[in-house]
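>>> Here is a sequence together with a model predicted from it:
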Amino acid sequence: MTCAIFYASKSGHAKEVANKISFALDEIRVFDISLTGSEYISDYKHIIFGVSTWDHGQMQKDWQKIWDDFKYINFKGKTVAIFGLGDQKKYPDEFADAMRYVYDDLSKSGANIVGFTSTQGYEFNQSKAVIDDKFVGLVIDEHNQAELTNQRIKNWTEQIRADMLHATS
């Protein structure tokens, strides 16, 4: 499975989560887009994107910097999963919103998006990252539910591994 993770991290939480996901998926390649930009994204058939939501529903700044390039990448024939970080207590009305921006542009570009997860177990008012009562990917809240992170990653990586392997057949 040719798979890689692309993330950006200001606080270090997204980096930690990306590394845990990489380890759970047999140590796949991990790229920090603040260093690589969007340069290597097209090289992979299976891609995981990690995006944090900052302030009131905004993307982390390194994502904002590459966004114009990202929106024009052709994802047709690629299987993609998204993980996002947010703070459900401090920002209950914009919880993990940035994931939706990535999801929308991936959808427009023809990506096969996998890895939707349940909203159960989270306490928030609303999120743009929810479609049909599911998050568009894995949501991690290191500020309020860090003790759940490892199990959520384990469950999600098992799910997307199956989805990505199925997509290759």
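It's in. Just so you know, these numbers come straight off a predicted model, no measurement behind them. Numbering: from 1, shown residues only.
>>> Quick one: the helices in the protein, in order.
Ranges of helices in the chain, per DSSP state H, are 13-24, 33-36, 61-70, 98-108, 149-168.
>>> Out of those helices, which gets the lowest mean score?
Mean pLDDT values for these show the minimum at helix 61-70, a mean of 82.
>>> does residue 45 really touch residue 75, like I thought?
No - if you go by CB atoms under 8 Å, residue 45 and residue 75 don't touch, sitting 10.2 Å apart. C-beta: built from backbone N, CA, C; applies to glycine.
>>> For the chain, give the strand that spans the most residues.
If you go by DSSP state E, the chain has its longest strand at strand 46-54.
>>> Phi and psi next, for the closest residue to residue 10 other than its chain neighbours.
Counting by CB to CB, 6 or more residues apart in numbering, the nearest residue to residue 10 once its immediate chain neighbours are dropped is residue 60, at 5.9 Å. Main-chain dihedrals, residue 60, degrees, to the nearest 10: phi -60, psi 150.
>>> Let me see the contact set for the residue nearest to residue 34 when sequence neighbours are not counted.
By the measure of CB to CB, 6+ apart, the closest residue to residue 34 outside its immediate chain neighbours is residue 62, 4.1 Å from it. By CB atoms under 8 Å, 6 or more residues apart in numbering, the contact set of residue 62 is 8, 10, 32-34.
>>> Mind checking which of the residues you listed are buried?
Among the contacts of residue 62, those classed as buried by 16 or more other CB atoms under 10 Å are 8, 32-34.
>>> sorry, back to before: TSV please, covering the helices of the chain and showing distance to residue 115.
Below are the helices of the chain laid out as TSV (distance: least, CB to CB, whole Å):
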stretch	distance to residue 115
helix 13-24	10
helix 33-36	19
helix 61-70	18
helix 98-108	10
helix 149-168	5
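>>> do you know which of those lies nearest residue 90?
Smallest distance to residue 90 across the helices of the chain (CB to CB): 13.7 Å, for helix 13-24.
>>> OK, contacts around residue 88?
Residue 88 makes contact with 95, 122-124, 141, 144-145, according to CB under 8 Å, 6+ apart.
>>> now what about stretch 20-32, what contacts it?
So stretch 20-32 is contacted by 1, 3-9, 15, 18-19, 40, 44, 48, 50, 62, 83, 149-150, 153-154, 156-157, 161 (CB under 8 Å, 6+ apart).
>>> CA-only coordinates of it, as PDB, when you get a sec.
The C-alpha coordinates for stretch 20-32 follow below in PDB (Å, rounded to 0.1, in the frame of the first residue of the first chain):
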ATOM      1  CA  LYS A  20       0.900   7.600  15.900                       C
ATOM      2  CA  ILE A  21      -1.100   6.900  12.800                       C
ATOM      3  CA  SER A  22       2.000   6.200  10.800                       C
ATOM      4  CA  PHE A  23       3.200   3.700  13.400                       C
ATOM      5  CA  ALA A  24      -0.300   2.000  13.500                       C
ATOM      6  CA  LEU A  25      -0.100   1.700   9.600                       C
ATOM      7  CA  ASP A  26       3.400   0.100   9.600                       C
ATOM      8  CA  GLU A  27       5.400   3.300   9.700                       C
ATOM      9  CA  ILE A  28       4.200   4.900   6.400                       C
ATOM     10  CA  ARG A  29       5.900   8.100   5.300                       C
ATOM     11  CA  VAL A  30       4.900  11.300   7.100                       C
ATOM     12  CA  PHE A  31       5.300  14.800   5.500                       C
ATOM     13  CA  ASP A  32       5.100  18.100   7.300                       C
END
